[in-house]
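Participant: attaching a predicted model along with its sequence, questions to come.
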Amino acid sequence: MKNKNGKKLAPLGHRQRTPFLRITRRSRFADTIGITKNTGRMSNGGFTLVEILVVVAVIGILATIVIVALAPARAKARDAKRKLELAQIGRFLTLSCYIPNGGSGDYDLSVIVGEVLAKNPQYASVLSKAPQDPLSGTDTESFYKYIVDAGQKKCALYANLESDDEKVTLPGVVQPTAGGGTGVFQAASKGWNGSDKYFQTSN
């Protein structure tokens, strides 16, 4: 049978076969993450598990190096904060040398601030809480110290520093000294922040 254009037509009831693509089976998981069947390697520019672990290890080593390198800078920054805070509150306490209820002695600054506020509540707006050492200080102990000689009316605020590179500016002072001046001194032993250098502000 032919059509009007003269082309031969297939007999009725006969289906014409068409080419088809051969479908191969492959793991959907492999398709998703791009792993080839034979090699187990990541295709399309991916990485093997070993390569990923190596990268993670290298990043960890670099992070450790950076932290160690920045440690001295962080210690110096905390020392700068200690000096600033002691200088600020020192202007207030050493102006006339506050004498605590217990008389002469060595006190934590939190005790002194508590007494001052109890006697002078009007100062609460400017001195609501004792400043504390940025490394060792807690809510109950500031680790900023106040030493006072009631008889001589001499006093000093002091803190232990962290950096061993601090230049000594009070060479004649080897321990916290009321009336010993303002600056850095070197003690015979290390303090609570691991250094034998201290900063004090005094009248």
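Facilitator: Received the coordinates, thanks.
Participant: rest of the way, CA atoms for contacts and neighbours
Facilitator: OK.
Participant: and Ser110, what does it touch?
Facilitator: Contacts were defined as CA atoms under 8 Å, 6 or more residues apart in numbering; by that measure Ser110 touches Lys129, Ala130, Pro131, Thr140, Glu141, Ser142.
Participant: what is the nearest of the residues you listed to Asp196?
Facilitator: Ranked by distance to Asp196 (CA to CA), the contacts of Ser110 are led by Ser142 at 18.6 Å.
Participant: now do the same for the spatially closest residue to that closest one that is not a sequence neighbour: its pLDDT.
Facilitator: Leaving aside its sequence neighbours, Ser142 sits nearest to Gln132 (CA to CA, 6 or more residues apart in numbering; 4.1 Å). Listed pLDDT for Gln132 reads 96.
Participant: just checking, Gln132 touches Tyr144?
Facilitator: Yes - between Gln132 and Tyr144 there is a contact at 6.3 Å, judged by CA atoms under 8 Å.
Participant: just checking, Gly181 touches Phe199?
Facilitator: No - between Gly181 and Phe199 there is no contact under CA under 8 Å: 10.1 Å.
Participant: which one of the two has more residues nearby?
Facilitator: Comparing Gly181 with Phe199 by other CA atoms under 10 Å, the one with more neighbours is Phe199, at 24 against 17.
Participant: partner residues bridging that one?
Facilitator: Going by DSSP bridges, Phe199 is paired in beta bridges with Ala159, Val184.
Participant: which residues sit in contact with it?
Facilitator: Contact partners of Phe199, counting by CA under 8 Å, 6+ apart, are Lys83, Tyr158, Ala159, Asn160, Leu161, Thr182, Gly183, Val184, Phe185.
Participant: Asn120: which of those residues is nearest?
Facilitator: Checking the contacts of Phe199 one by one against Asn120 (CA to CA), the nearest turns out to be Tyr158, at 23.4 Å.
Participant: gap between the closest residue to that closest one other than its chain neighbours and Asp133?
Facilitator: Nearest non-adjacent residue to Tyr158, counting by CA to CA, 6+ apart: Gln200, 4.0 Å away. To Asp133, Gln200 is 13 Å away according to CA to CA, to the nearest Å.
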